[in-house]
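Trainee: My questions concern the predicted model and sequence given below.
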Amino acid sequence: MSTTKNKKIPTELGTENIGKLLMQYAIPAIIAQTAASLYNMIDSVFIGHIPNVGAEAISGLATTFPFMNLSAAFGAMVGVGGATQLSVRLGQRDYDSAKNILGNLVTLNVIMGCIFAGVSLIFLDEILRFFGASETTLPFARDFMQIILYGNVVTHLYFGINAALRASGHPKQAMYATIITVVMNIILAPLFIYALGWGIKGAATATILAQCITLIWQTRLLSNPNELLHLQRGIYKLKREIVSGILSIGMSPFFINAAACIVVIIINKGLRSYSENGDLSIAAYGIANRIQFVFVMVVLGLTQGMQPIVGYNYGARRHDRVRKALMLTIIWGTAVTTLGFIISEFMPETVAKAFTTESELIDKAAWAMRVMSIFMPLIGFQLVTTNFFQSIGKVNKSIFLSLTRQVLLLIPLLIILPMFIGEEGVWYSMPISDIIAAMLTIVMLYIQFREWKRESNNL
């Protein structure tokens, strides 16, 4: 039997004011996610200003996005699945299970990180060509991804442990971990890229080294025996029921990231096939995508703050608190993506100039930002609701909403529209899928609210 005396247990999740809780948990996660997105964007900025090869290097970096999404898919399957399981078990006061979930999360990240890196390194050039790299951009993409893959286990553990810190009542520590990584990367990247002359290899080296330093700090935090959840002997052996629970819940974020990988591959191939200058169009997409990514990551920070609140209260059968947390997160998420819409529509040239000095690329990236952001305010609502279903264990609904925009809508549009209107069809496919996916999300959320209302009436 587990002893919980003198251990820190996050019971405030079931008693504290929802608005205060959401700020307490979401703001650190938002800061962490914003920092993470800025740190990715800063890499692009540094790479884009490498003398003589900046535009080609950015295009090469853009062809690695599917790789990064695919790696993130496996990491999220374990990290998000494990964090959700932790929150629910803490809400149910099943502390023994929560400890074993933490250990299994660590073990699964090591296993998946090694397998993914090993297979990818063997077929690296073939995969990058499939992702849209040309003979001009392949060397840049290869140089970047080789180093990223060598450090893949560190990356998986870094993100997985951060998810566990948030779920176990330590959102500030999770925020600090990301900030440390960002600061270290900002310091190391220009040193390695410019001073040492390592170019795009320097950007990748800075990323992995920064994560490695932070992982050491995270491990020390989770080694505190005074915490209810901490790294200890006897929790790392994989247990079938825990692994099954983690992977089943984690399937939703896995499919989100895997679908994003497929989408980026199709976009890159479409731009290469239908554009007069495929490398330029792919570079423009890389810039525009990075800008949208910043605001999406802020919303994901909100959902990470929402997740332990919703998971705990759903486990405790407090549906009133679950609804309040959801609605407040939707309002905040929509506000964030509306800000992204305003910036992308009214000042895209200013943003693009941060990545490159080449006028043709600036014009192309600015146009791309305007088109991609037409229905951007709706993305916040759609992301929050999708992650809400995942947080309450409604995995099938979360997966359906995740795949609706990426697979059921966007991929067919990316294939069909360019046949009729050329390259513009690739760009306009994205906002069209946004508006249709948002409408379907409204329907799904309405159905969930009706189910809860019937349950309340039957009590």
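Mentor: Yes, it's here.
Trainee: Okay, F420 and S429: tell me how far apart.
Mentor: 11 Å (CB to CB, to the nearest Å). C-betas here are computed from N, CA, C, even on glycine.
Trainee: These two: who's more crowded?
Mentor: Neighbours were counted for F420 and for S429 using other CB atoms under 10 Å; S429 has more, 26 against 8.
Trainee: Just the residues contacting stretch 147-159, thanks.
Mentor: Residues outside stretch 147-159 that contact it (CB atoms under 8 Å, 6 or more residues apart in numbering) are 64, 67-68, 71-72, 74-76, 78-79, 106, 109-110, 112-114, 116-117, 120-121, 124, 177, 181, 201, 204-205, 207-208, 211-212, 214-215, 218.
Trainee: Drop anything exposed from these.
Mentor: The neighbour-count criterion (16 or more other CB atoms under 10 Å) marks 64, 67-68, 71-72, 74-76, 78-79, 106, 109, 112-113, 116-117, 120, 124, 177, 181, 201, 204-205, 207-208, 211-212, 214-215, 218 among those as buried.
Trainee: Tell me which entries of those lie within helices.
Mentor: Within those, residues falling in helices by DSSP state H are 67-68, 71-72, 74-76, 78-79, 106, 109, 112-113, 116-117, 120, 124, 177, 181, 201, 204-205, 207-208, 211-212, 214-215, 218.
Trainee: which helices and strands sit right next to the helix or strand hosting E345?
Mentor: Assessed by DSSP states H and E, E345 sits inside helix 319-346. Packing partners of helix 319-346 (3 or more CB pairs under 8 Å, 6 or more residues apart in numbering; DSSP states H and E): helix 18-48, helix 278-315, helix 359-372, helix 377-391, helix 423-458.
Trainee: Check which residues of that helix are buried.
Mentor: 319, 321-326, 328-330, 332-334, 336-338, 340-341, 343-344.
Trainee: Next: stretch 56-65.
Mentor: Within stretch 56-65, judged by 16+ other CB under 10 Å, the buried ones are 56-65.
Trainee: CSV for the residues you listed, including pLDDT and distance to A368?
Mentor: Supplementary listing: the buried residues of stretch 56-65 in CSV, determined by pLDDT from 0 to 100; distance: CB to CB, whole Å:
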residue, pLDDT, distance to A368
E56, 81, 18
A57, 82, 18
I58, 82, 13
S59, 83, 13
G60, 85, 18
L61, 84, 16
A62, 82, 12
T63, 86, 16
T64, 87, 18
F65, 80, 14
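Trainee: So which of the residues you listed belong to strands?
Mentor: Among the buried residues of stretch 56-65, DSSP state E puts none in strands.
Trainee: Can you lay out those as a markdown table showing distance to V153?
Mentor: Output for the buried residues of stretch 56-65, formatted as a markdown table (distance: CB to CB, whole Å):
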| residue | distance to V153 |
| --- | --- |
| E56 | 30 |
| A57 | 26 |
| I58 | 28 |
| S59 | 28 |
| G60 | 24 |
| L61 | 22 |
| A62 | 25 |
| T63 | 23 |
| T64 | 18 |
| F65 | 21 |
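Trainee: So N104, which state does it fall into?
Mentor: Under the three-state scheme (DSSP: H, G, I helix; E, B strand; the rest coil), N104 adopts helix.
Trainee: got it, and T356?
Mentor: From three-state DSSP, the assignment for T356 is coil.
Trainee: That one is in contact with I50, isn't it?
Mentor: No. With contacts counted by CB atoms under 8 Å, T356 stays clear of I50, the gap being 10.7 Å.
Trainee: Out of the helices and strands packed on helix 319-346, the one nearest S168 is which?
Mentor: Closest of those to S168 is helix 278-315, at 8.4 Å (criterion: CB to CB).
Trainee: Just the mean pLDDT for that closest one, thanks.
Mentor: Averaged across helix 278-315, the pLDDT comes to 88.
Trainee: contacting residues around I362?
Mentor: 349, 352-353, 356.
Trainee: Select from these the one having the most neighbours.
Mentor: Neighbour max across those (other CB under 10 Å) = A352, 25 neighbours.
Trainee: Can you tell me, leaving aside adjacent residues, what's nearest to it?
Mentor: A365 (4.1 Å; CB to CB, 6 or more residues apart in numbering).
Trainee: Please apply the same query to L21.
Mentor: Nearest to L21 is I309, by CB to CB, 6+ apart, at 5.4 Å.
Trainee: Kindly report the same for P431.
Mentor: I374 (3.9 Å).
Trainee: and the one you found, how many neighbours does it have?
Mentor: Based on other CB under 10 Å, the number of other residues close to I374 is 17.
Trainee: Assign a three-state SS to it, would you?
Mentor: coil.
Trainee: For D279, see how far away it is.
Mentor: I374 is 25 Å from D279, by CB to CB.
Trainee: For stretch 133-145, output the C-alpha coordinates as CSV.
Mentor: Extracted C-alpha coordinates of stretch 133-145, given in CSV (Å, rounded to 0.1, in the frame of the first residue of the first chain):
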residue,chain,number,x,y,z
ALA,A,133,14.4,18.0,-50.7
SER,A,134,16.1,18.9,-54.0
GLU,A,135,19.7,18.2,-54.9
THR,A,136,20.4,21.8,-53.9
THR,A,137,18.8,21.7,-50.5
LEU,A,138,19.5,18.0,-49.6
PRO,A,139,23.0,18.7,-48.1
PHE,A,140,21.5,21.3,-45.8
ALA,A,141,18.7,19.1,-44.7
ARG,A,142,21.0,16.1,-44.2
ASP,A,143,23.5,18.1,-42.1
PHE,A,144,20.7,19.4,-39.8
MET,A,145,18.9,16.1,-39.3
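Trainee: how much space between the nearest residue to G315 once chain neighbours are set aside and Y314?
Mentor: Using CB to CB, 6+ apart and skipping the chain neighbours, the partner closest in space to G315 is G91 (3.0 Å). Using CB to CB, one gets 7 Å for the distance from G91 to Y314.
Trainee: Doesn't M419 belong to a helix?
Mentor: Yes. M419: assigned to a helix according to three-state DSSP.
Trainee: Who are the contact partners of the residue nearest to it when sequence neighbours are not counted?
Mentor: Distances taken as CB to CB, 6+ apart place G425 nearest to M419, at 7.2 Å, with adjacent residues excluded. Residues in contact with G425, defined by CB under 8 Å, 6+ apart, are 270, 274, 413-414, 416-419.
Trainee: Can you tell me which of those has the most neighbours?
Mentor: Of the contacts of G425, with other CB under 10 Å as the count, G270 tops at 25 neighbours.
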